[in-house]
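>>> Sequence first, predicted model second:
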Amino acid sequence: MPSLGFASMIVALVVCVYGIGASIYGVRADEDRWITSGRRAVYGLALTLLTAFIVLEIAFITNDYTFSTVADTSSATTPLLYRMGAVWSSQEGSLLLWALLSSLWSSLVLFLVKGRMREVSAYATAILLAFDGFFVALAVFYANPFETLSPAPVEGAGLDPLLRFPTMMIHPPMVYSGYTLCIVPFAFGAGALIARKVNMEWIRSTRRFALASWLFLGGGIMLGALWSYSELGWGGYWGWDPVENAALLPWLTGTAFIHSLMIQEKRGMLKVWNSSLVLATGTLAIMGTFLVRSGVLDSIHAFGGATLGVPFVILIGAMIVGSIYLVVSRRSLLRSEHKLDSMFSREAVFLLNNLALVGLCFVIFWGTWFPLISKALTGQQASVGPPWFGRYTVPLALILVLLSAVGPLIAWRRSSARNLMRNFTLPLLGAVLTAIVLVALGVTGKPPAVAMFCLCALVIVGVVQELWRGARVRSAATGQMLPRALVGLVSRNRRRYGGYLVHLGVAILFIGVAASSSYQHGLEPRLTVGKSAKIGGYEVKYVKPTASVTPEQDSTHTGSTLDLGAVLRVSRGGRYVATLRPTESYYDSGEESQGSVGHLIGGQPVSHIAMSSTLARNIWSAVEPDISTTRFERIIEVGNKTIPITKPEDGMIVLAYLAREYLKHTPPTAFNLKVQPLLNWVWIGALIIFGGGLIAISPPPRSVTRRVRARAARRTVAAERDLVSA
Amino acid sequence: MSHPRKRTIRLIVALTAAVTLAGALMYTSFSAADPAFTPSQLLYEAVPGRSYQLTGTVVAHSVKREGAVLAFSVRDRAGEASVPVRYTGTVPDPFKEGREVIVTVQKSGDRYVAEPNSLITKCPSKYKTAPPKEKHVY
């Protein structure tokens, strides 16, 4: 099996080299056969990589420890779902996944543009295959997923328990899909510049891919945030970690591109800017991948001991130099067809929104790469923390939310005073009303948060007003009831109203971010059984400890050997609010040096948090039981001496005894408690953004497509008629 | 005013604003940054009252709970020099002896007091800890 997988990788590499050659020769020699052959090489590549991936997936499912990567990141005690996801938890497997996803998306886009944009798609094919070839070559020469062990161990090291979380199974493929989808517009943008065919066709053909990359990257970022909040035991969802930031950077430039693209479509403006954004987004996606794999920056997520720095630096250097050369050398083809008519126009707002997004991207880029910048300039590595990021990102976020309120309401080209009055009166009233209510409620501290609430109200009222007006007009025209008219309205104008829903989601998300970060209460008490702690107006009482032994008893189904926890009673003013049951899970490390009992709980301990969650607030708790006391260490020591390593079932009996002793003689226990207002709004906002994005990306109904095509055909006939008469 | 002249003025104003903002950003990043030190650097160069970002490996058998304080030592990744750290706040799940950590500290006598909640631990899942067995490449 390993030989089949490795052979597939070699074939994939050969296919990449062939496809690049065929595409470039085909377009240079004007030979359609070779261009077609180059495109088919991409389909072949996808099939070959799929074969390699299936081989590796089967090895994980069947616990085949002859594969080095299976022995390192999986085990028989790892539940099946997590074994399947463990494929991409290693450097080797994740490189294969990257190449596979890239080849699948490349196949899809080339299939969709078949027969169109001959030259552009030929160059794009070569570029896409070059990226795929790069990742396949890394997997073949630097981090081979089909490396074998001899003799094969009887049991693997197991998937890190921290990753045994449902969203962690989806998060990496989503982020990788986002990164790889960024490469599609990059390849077509560069192809269009090389072929000097910079009309709208390549943009129209890859627009959905740009939106899909934005959607996947955003979804992946939010799933990562949810994992961090639920699994890492610190109660936060964003820590300005380099790897988090790296995924955010192409998402920001992608957001800018999605907006500025509309200006090019409507007015033929910002062509240089759009080409630059597409090329920058692709380059930032590769930089994000580089950051995780090179080990150049200290991150909680980076692949340790990674050695892929040099190949990535060469690739990124080539992308930057090539992009600058293409944009500068083709600048005469990228002249704007129109000029900005007024600062009170949608174009101007989109332009400002682009500047703010790119500014935000620059701030985060600078802060993320600052350790390397400071090392290069001063010889001393230094890093900036969350307060530095907050100083710049908070005002920029406020500006962006303001612009996302204004953008959908202002007219293209030039807004009249009447248009401004008509569209802005209600949203402004909403914002002012919000300010009055907040002042009346005494929410006046933290001015940036208060400003954010008011701006979000501006967005929400603006979007609701647009939906209401559209639905009312449609209802009057068709005689439909308002809800049905609203569904029809959104369905027939998916791009526009999907975008509005995204804005609505952004506003809701930012309300959650502002409230939960500005008005959160946190406490880390050490409590004995029966004692209480007060936090944010709530009283949290440690009612009793809990304990369970063996993977079968593990309520979280993550394969833990021992779970210790607590029952907490939350009350407010003497009235019962909730019961929380946070636990800490312990796992088998498989390291015999820790002893026959010690290794059973010697793996990575993981917090399983408990929450009382409503729309208004989350009461979040994590527990850190102390089993390092003399009593418990003695039990483990005696167990290690008396139980043979070959009898883990006897070791479990010792753990059962330890658990019973823990219940009888519970030491003071450390808790992490938080009261976070409106935190669920972050996840709800993210869901609305994702839903809005899905609506915007979905193809319009057939009747609309037919009408648009008929209109385009009429225009073509009219143009031909004009040409003939001329 | 003629159109090309108007455009030039606009461009100059925009570029000046961009350069000023970028300059402010760069200046504040240097003044707000904490130097990243290894334990051996910290031993020789740290001065009281200044924050440092300490990176290194948690020394085996050095982790002790003293009430709300977590005491542990951090050593060089490839070396023996180590410094004692006293930390309060949230302890990330991956924190363990032998793991790589990043923590912001200030010198206080011969100890280093960590900024509360500043401890982060590198995710161990992504480390290759392959047993030293013979490996084949097909």
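Sure, I can see it.
>>> Which of the helices or strands spans the spatially most central residue of chain B?
For chain B, the residue nearest the mean C-alpha position is B:Q53 (4.0 Å; CA atoms, centre = their mean). Using DSSP states H and E, the element containing B:Q53 is strand B:51-58.
>>> Same check on A:V654?
Going by DSSP H and E, A:V654 is in helix A:648-664.
>>> list the buried ones in that helix?
Under the neighbour-count criterion of 16 or more other CB atoms under 10 Å in any protein chain shown, helix A:648-664 has A:P648, A:G651, A:M652, A:V654, A:L655, A:A656, A:L658, A:A659, A:E661, A:Y662 buried. Just so you know, the C-beta spots here come from the backbone N, C-alpha and C atoms, and that holds for glycine as well.
>>> Which elements pack onto that helix?
Using 3 or more CB pairs under 8 Å, 6 or more residues apart in numbering or on different chains; DSSP states H and E as the contact test, the elements touching helix A:648-664 are strand A:538-549, strand A:562-572, helix A:630-642.
>>> Tell me how chain B divides into domains.
For chain B, automatic domain parsing gives the domain ranges B:1-33, B:34-124.
>>> Return the most buried member of those domains.
domain B:34-124 (a mean of 18; mean count of other CB atoms under 10 Å in any protein chain shown).
>>> and the residue in chain A positioned nearest to chain B, how many neighbours?
Closest residue of chain A to chain B, CB to the nearest CB: A:D160 (3.1 Å). For A:D160, the tally of surrounding residues (other CB atoms under 10 Å in any protein chain shown) stands at 23.
>>> The one 5 residues further on too?
Summarising burial for A:F165: neighbours were counted as other CB under 10 Å, giving 21.
>>> OK, contacts around it?
A:F165 sits next to A:W227, A:S230, A:E231, A:T558 when contact means CB atoms under 8 Å, 6 or more residues apart in numbering or on different chains.
>>> Tell me the one among these nearest to A:Y497.
Closest to A:Y497 out of those is A:W227 (31.0 Å), distances taken as CB to CB.
>>> what about the closest one, helix or strand, and which?
Using DSSP H and E, A:W227 sits within helix A:201-231.
>>> Tell me which other helices or strands the longest helix along chain B touches.
Assignment by DSSP state H gives helix B:3-32 as the longest helix of chain B. The contact analysis (3+ CB pairs under 8 Å, 6+ apart) places helix B:3-32 against helix A:346-378, helix A:386-406.
>>> Would you mark the buried spots in the shortest one?
What that stands for is helix A:386-406. In helix A:386-406, counting by 16+ other CB under 10 Å, buried: A:388-389, A:392-393, A:396-406.
>>> Contacting chain B as well, which ones from those?
A:W388, A:Y392 (CB under 8 Å from any CB of the partner chain).
>>> what's the closest of the buried residues of helix A:386-406 to A:V638?
A:V638 lies nearest to A:F389 out of the buried residues of helix A:386-406, by CB to CB, at 50.2 Å.
>>> OK, contacts around the closest one?
Counting by CB under 8 Å, 6+ apart, A:F389 makes contact with A:W240, A:V363, A:I364, A:G367.
>>> Please repeat the previous calculation with a cut-off of 10 Å.
Counting by CB atoms under 10 Å, 6 or more residues apart in numbering or on different chains, A:F389 touches A:W238, A:G239, A:W240, A:N245, A:V363, A:I364, A:W366, A:G367, A:T368.
>>> roughly how far apart are it and A:V363?
7 Å (CB to CB, to the nearest Å).
>>> do A:Y542 as well
43 Å.
>>> and if you look at A:F131?
Here the criterion is CB to CB. By it, A:F131 lies 28 Å from A:V363.
>>> on that earlier part again, among the buried residues of helix A:648-664, which one lies nearest to A:V490?
Comparing those against A:V490 with CB to CB places A:A659 closest, at 54.6 Å.
>>> so who does the closest one touch?
Per CB under 10 Å, 6+ apart, neighbours of A:A659: A:P545, A:T546, A:A547, A:S548, A:V549, A:Q553, A:L562, A:D563, A:L564, A:I627, A:F632.
>>> cool, B:S108 as well?
Neighbours of B:S108 in contact, by CB under 10 Å, 6+ apart: B:P48, B:G49, B:R86.
>>> picking that back up, so, in contact with chain A or not, the helix or strand just after the longest helix of chain B?
Next in sequence after helix B:3-32, counting helices and strands by DSSP H and E, comes strand B:34-37. Yes: judged by CB under 10 Å from any CB of the partner chain, strand B:34-37 comes into contact with chain A at B:D34, B:P35, B:A36, B:F37.
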